[in-house]
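A.B. asks: got a structure for you, letters missing:
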């Protein structure tokens, strides 16, 4: 296993248990719903993961496109949401087939850390082409350079305390410490961006951009950015 795509194309220990996974995806779905601009909006959730509550998001918009690079994840999405007429599951390479200026909202949550800067710039070009003139790109869970794994662990434990899965979170952190995730993180690393750096990257890609007041999900040490085609 030599890259992040291969890592996510399997069952991973990143969630400490079923309750952790459910609460995580429920919180993310709620954040996405809060961004949907209109009941007929077309929304793309890029790098969506298992998106367990995608049906709730789809109920609030006209069309929801779910895209993930891992074939196993797409198979699970198809099994769960394939009969929902408002949901379409796409491989990343299929996004190019969407009509230009057809999307009202593109959400990218907890993905940038797994991308090279070159890949990010290419995706920004693609997302900008698919967004309507008044559409919005939201990039969430961006890791600043000063945020360490210890900070992430503290945020998880606080979330686990509130969510009632503290014991399993502690076991999960111990399991992750000896997992492929830690090894790949040490070998490949995670991409990290400062606030000003992220704003500059978005502007170079043709967006107006600003940092949002709060991050998606439970970890407020990370950052969310909102951008509009300039």
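C.D. replies: That came through, no problem. In this text, all values refer to a predicted model and were calculated from it rather than measured experimentally.
A.B. asks: Would you tell me what the next helix or strand after the one helix or strand in the chain whose mean pLDDT sits lowest is?
C.D. replies: Taking mean pLDDT, DSSP states H and E as the measure, the chain has helix 180-187 as its least confident helix or strand, at a mean of 58. Next helix or strand after helix 180-187 toward the C-terminus (DSSP states H and E): helix 195-204.
A.B. asks: Run the chain-centre distance for that next one.
C.D. replies: Its chain's average C-alpha position is 18 Å from that of helix 195-204, according to CA atoms, centre = their mean, to the nearest Å.
A.B. asks: The helix or strand that that helix is followed by to helix 195-204, inter-axis angle?
C.D. replies: The first helix or strand that comes after helix 195-204 along the chain, using DSSP H and E, is strand 207-211. On the basis of axes from the mean of the first three to the mean of the last three CA atoms, to 10 degrees, strand 207-211 is oriented at 160 degrees to helix 195-204.
A.B. asks: Let me see the ranges of the strands in this protein.
C.D. replies: 42-46, 63-67, 87-90, 103-109, 131-142, 207-211, 223-229 (DSSP state E).
A.B. asks: burial of residue 221, as a residue count?
C.D. replies: When neighbours are defined as other CB atoms under 10 Å, residue 221 has 14 of them. Yep, even glycine has a C-beta here, placed from its N, CA and C like the rest.
A.B. asks: That one against residue 149, yeah?
C.D. replies: No. Using CB atoms under 8 Å, residue 221 is not in contact with residue 149, being 11.3 Å away.
A.B. asks: give me the low-pLDDT residue ranges for the protein?
C.D. replies: 1-13, 176-189 (pLDDT under 70).
A.B. asks: try it again with 50
C.D. replies: Along the chain, the model assigns pLDDT under 50 to residues 1.
A.B. asks: got the contact list for the residue most central in space within it?
C.D. replies: For the chain, residue 109 is the residue whose C-alpha lies nearest the centre (CA atoms, centre = their mean; 2.0 Å). The contact partners of residue 109, taken as CB atoms under 8 Å, 6 or more residues apart in numbering, are 28, 31-32, 45, 47-48, 139-141, 216-217.
A.B. asks: can you list those residues in TSV and add neighbour count?
C.D. replies: Below are those laid out as TSV (neighbours: other CB atoms under 10 Å):
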residue	neighbour count
28	25
31	19
32	26
45	24
47	22
48	26
139	30
140	24
141	18
216	25
217	21
